[in-house]
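K.L.:
got a sequence here, can you build the structure:
(one chain, ligands or ions: 1)
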Amino acid sequence: MTKTNWRWTKSLPLASRLFFSHLVVMIVGLLSLVIISKVSSPRFFVLHLERLESRGLKLINIRTELVQGFEIAWRRSTLWSVIVGTTAAGGLSYWVSKRIMQRLTEMEQITQKFAGGQLEARLPLSDIPELNRLGASFNRMAASLEGVEARRRELIGDMTHELRTPLTVVRGYLEELADGEIEPSPEIYQRLAKETKRLERLVNDLQELSKAEAGYLPINIQPVNLSPLLESLVEKFTDQMLEDGPILRSEFPSQLPLVLADIDRTEQILVNLLGNAVRYTTQGSITIRAWTEASKLWIAVVDTGIGIASKDLPHVFERFWRTDQSRDRHSGGTGIGLTITHRLVELQGGQIHVESELGVGSTFRFFLPLA
Ligand code: ADP
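P.N.:
Model prediction:
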């Protein structure tokens, strides 16, 4: 029995709850008013009469009538005040509940529209502060979901565009080979291999990017010493440098303070930055710098390469973005490396900045928090 009652109250709509709670408050108020006045007012009236008699007024003959008259007047006025009070309070309670319910029903309809795919649906402002706050946080969530959806669509659009070019090239060569229009030669196969390598790189980068963007990249942050990593990277990249190309310089102290970072992700960041520096620098130097400032360890990769125009700088960390020069040069880049780098730095609580001048060189610097 208790269980059924509990369920009944649980499923009671909000409008009825509001109405009943107002009703209960009103009944308690009225009952206490009626009981207190019923007990105390005749007494006060009799006391008043006694005071009048003590001043010499002769009330002895009409006293009973006066008391009866008072009681009748009290009963009538109480009855009227109960009727008027109940009607007014009931009406008011109905109006208040309806107003709140209207807003809630409206909110429900809009959220359903949103769930149904109308991502531009937003809740209007309300004059009830709590509902207003709820509406504002829903609208914030809606805007961010709409952004995610727009980015997803954009990503698929960009991805298909990026995949189509190498696929078209590969298919073109294969068809021409099949028709005997071109002779199979090592050069043709090399071109085919180059395009498939590009496809492979694109797919790998995309996988990393989607993991990084969705926050699925496992990050193992702990106090680490980056000196051995920097030294081994300098060694590895020096081996890769062409003889007539830029020289690699290291400008960092042999002892670096510990930072809170994931060593593998930091290596990935540095490999990306150094890889770009090598790719876009034909002469001069590539320098790795590291220094501490406040509670941060800054690491910079400075090159004297082709540089990036100032109008392009705000876009370098965008997905699939490449400067016109690097597109023309068919550098083999995918335009995803810096997007992943940016995300990896942020995931470790740092920030990355770029400064560059066309024809002079670029500096990519990022910081990691000190342990
Ligand atoms: P990619 O794989 O094309 O190098 P990134 O995201 O790493 O992709 O870089 C995006 C674009 O930024 C590059 O295509 C290039 O145009 C430009 N860029 C990146 N690093 C450098 C650099 N060190 N010097 C000049 N341009 C650079």
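K.L.:
tell me the residues of the chain that contact the ligand?
P.N.:
276-277, 280, 303, 305-308, 316, 321-323, 326, 333-339, 362 (C-beta under 6 Å from any ligand atom). (Glycine included, C-beta is placed from N, CA and C.)
K.L.:
now do 8 Å
P.N.:
Residues of the chain lying close to the ligand by C-beta under 8 Å from any ligand atom are 205, 272-273, 275-277, 279-281, 301, 303, 305-308, 312, 316-317, 321-323, 325-327, 331-341, 354, 356, 361-362, 364.
K.L.:
so how do I select the buried members of the residues you listed in PyMOL?
P.N.:
Remark: buried members of these, expressed as a PyMOL selection using 16 or more other C-beta atoms under 10 Å:
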select buried, resi 205+272+273+276+277+279+280+281+301+303+305+306+307+308+312+316+317+321+322+323+326+333+334+335+336+337+338+339+340+341+354+356+361+362+364
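K.L.:
out of the residues of the chain next to the ligand, which are inside helices?
P.N.:
With DSSP state H as the criterion, helices contain 205, 272-273, 275-277, 279, 325-327, 337-341 from among these.
K.L.:
quick one: distance of the one helix or strand residue 114 maps to to the chain centre.
P.N.:
For residue 114, the host element (DSSP states H and E) is helix 63-115. Taking the mean of its C-alpha atoms, helix 63-115 sits 44 Å from the chain's own mean (C-alpha atoms, centre = their mean, to the nearest Å).
K.L.:
who are the packing partners of it?
P.N.:
Secondary-structure packing of helix 63-115 (3 or more C-beta pairs under 8 Å, 6 or more residues apart in numbering; DSSP states H and E): helix 14-54, helix 129-179.
K.L.:
looking at those, which is nearest to residue 70?
P.N.:
Closest of the helices and strands packed on helix 63-115 to residue 70 is helix 14-54, at 5.0 Å (criterion: C-beta to C-beta).
K.L.:
elements contacting the closest one?
P.N.:
Secondary elements touching helix 14-54 (3+ C-beta pairs under 8 Å, 6+ apart): helix 63-115.
K.L.:
the residue in the chain that the ligand sits nearest to and residue 278, how far apart?
P.N.:
Per C-beta to the nearest ligand atom, residue 333 is where the chain lies closest to the ligand, at 2.1 Å. Applying C-beta to C-beta, to the nearest Å, the value for residue 333 to residue 278 is 12 Å.
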